[in-house]
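Student: After the sequence you'll find the predicted model.
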Amino acid sequence: MNWQQLKIQIIPEHVDFIEPQLLAAGAVSITYLDAEDQPVFQEELDSTPLWDSLVLCALFEEDTELGELLSWLGGNASIVNRASLEVEKIEDQAWERSWMDNFSAMQFGEKLWICPSWQEPPDPSATNIMLDPGLAFGSGSHATTALCLQWLATQDLQGKDTVDYGCGSGILAIAAALLGAQSVQGVDNDPQAVLATNDNCERNGLLPGRVGTFLPEEYDSMSTPESVDILLANILAAPLLSLASKFASLVKPKGSIVLSGLLAEQADAITEVYSEWFEMSAAVQREDWIRLSGIKR
């Protein structure tokens with residue numbers, strides 16, 4: 001079966017008004033895309049932030065009559081950008097295979113690879129993490145995760161106690177474990193992320209307990225001051241600021257802190273706060289995102 005795809009640019013305030021009209025007209029799926037390459041952040045758990053301007057894509061079966069819907073959209077210039085309205089034909093294809101063909105193994109440093117489960121690792125002798133692209137909790141394709149993986153790939157982790165705070169899929173914790181860290185803990189405030197980390201540890205052959213996983217309150221009850229050599233936190237600027245003193249208390253003197261999930265314009269504010277405890281290095285940038293790192297005094 002072939003398809004029709006309707007695209008139109010709107011602002012998020014009108015989503016709840018337009019979406020039911022599309023569904024009533026026969027849309028089988030509706031997708032939102034960023035119209036202006038604007039990063040958005042989930043400030044609160046279970047919230048769904050949208051961009052200031054978005055492209056709404058609705059998919060219809062090939063024989064669906066769209067004339068009445070197009071007339072309705074064209075007559076509502078106050079809520080839709082009529083110049084952006086377009087309808088295109090999409091030929092049917094093996095969608096799963098098409099999606100998979102867009103991804104390949106990613107290398108970080110000389111010895112670390114993230115490999116989709118359907119591909120053979122390019123270098124079987126390297127440290128290979130099997131993790132599929134598109135995971136909700138992170139798979140290495142986003143710049144912030146890639147920046148942290150690049151840092152890990154350059155470190156000697158033998159004998160190091162490490163915590164990945166905001167572990168998501170567990171990709172950084174798994175990388176640390178496979179690269180030789182003595183002990184690794186993963187912490188996340190989302191129970192589904194804890195489950196995802198455990199599942200991905202098993203997929204990568206790590207024995208139960210090799211990476212400990214905790215909700216923040218569980219970790220708080222068992223953590224001790226100056227207990228880790230490396231603290232990784234790939235989260236957002238607001239929690240990095242609020243957790244700064246806590247993170248500082250966990251890292252041993254001469255230990256390392258690695259912070260990401262940050263835009264370039266946020267570097268100075270984060271560096272200023274963490275400089276109270278750490279000798280901070282210059283920001284490392286990838287696309288619009290940065291990584292900060294420092295050594296505990």
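Tutor: Okay, I see it. Numbering: from 1, shown residues only.
Student: Okay, domains of the protein per the record?
Tutor: Listed domain ranges for the chain are 3-92, 133-296 (source: automatic domain parsing).
Student: deepest of the ones you listed, which one?
Tutor: domain 133-296 (a mean of 19; mean count of other C-beta atoms under 10 Å). Backbone N, C-alpha and C define where each C-beta goes, glycine included.
Student: what about it, average pLDDT?
Tutor: Domain 133-296 shows a mean pLDDT of 93.
Student: dump the residue contacts of C115.
Tutor: A105, P121, P122, N128, I129, M130, L131 (C-beta atoms under 8 Å, 6 or more residues apart in numbering).
Student: For S117, find the nearest of the domains of the chain.
Tutor: S117 lies closest, by C-beta to C-beta, to one member of the domains of the chain: domain 133-296, at 7.7 Å.
Student: follow-up on the earlier one: can you flag the buried ones in the contacts of C115?
Tutor: Buried residues within the contacts of C115, counting neighbours by 16 or more other C-beta atoms under 10 Å: A105, P121, N128, I129, M130, L131.
Student: The stretch 1-150 of the chain: strands as residue ranges?
Tutor: Applying DSSP state E, counting those that start in this stretch to the stretch 1-150 of the chain gives strands spanning 3-10, 29-34, 54-61, 80-90, 106-108, 112-115, 127-130.
Student: follow-up on the earlier one: quick check: the farthest pair among the contacts of C115?
Tutor: P122 and L131 (14.9 Å).
Student: which helices and strands does the helix or strand containing L231 pack with?
Tutor: Counting by DSSP states H and E, the element that carries L231 is strand 228-234. Secondary-structure packing of strand 228-234 (3 or more C-beta pairs under 8 Å, 6 or more residues apart in numbering; DSSP states H and E): helix 143-153, strand 161-165, helix 171-178, helix 244-250, strand 251-263.
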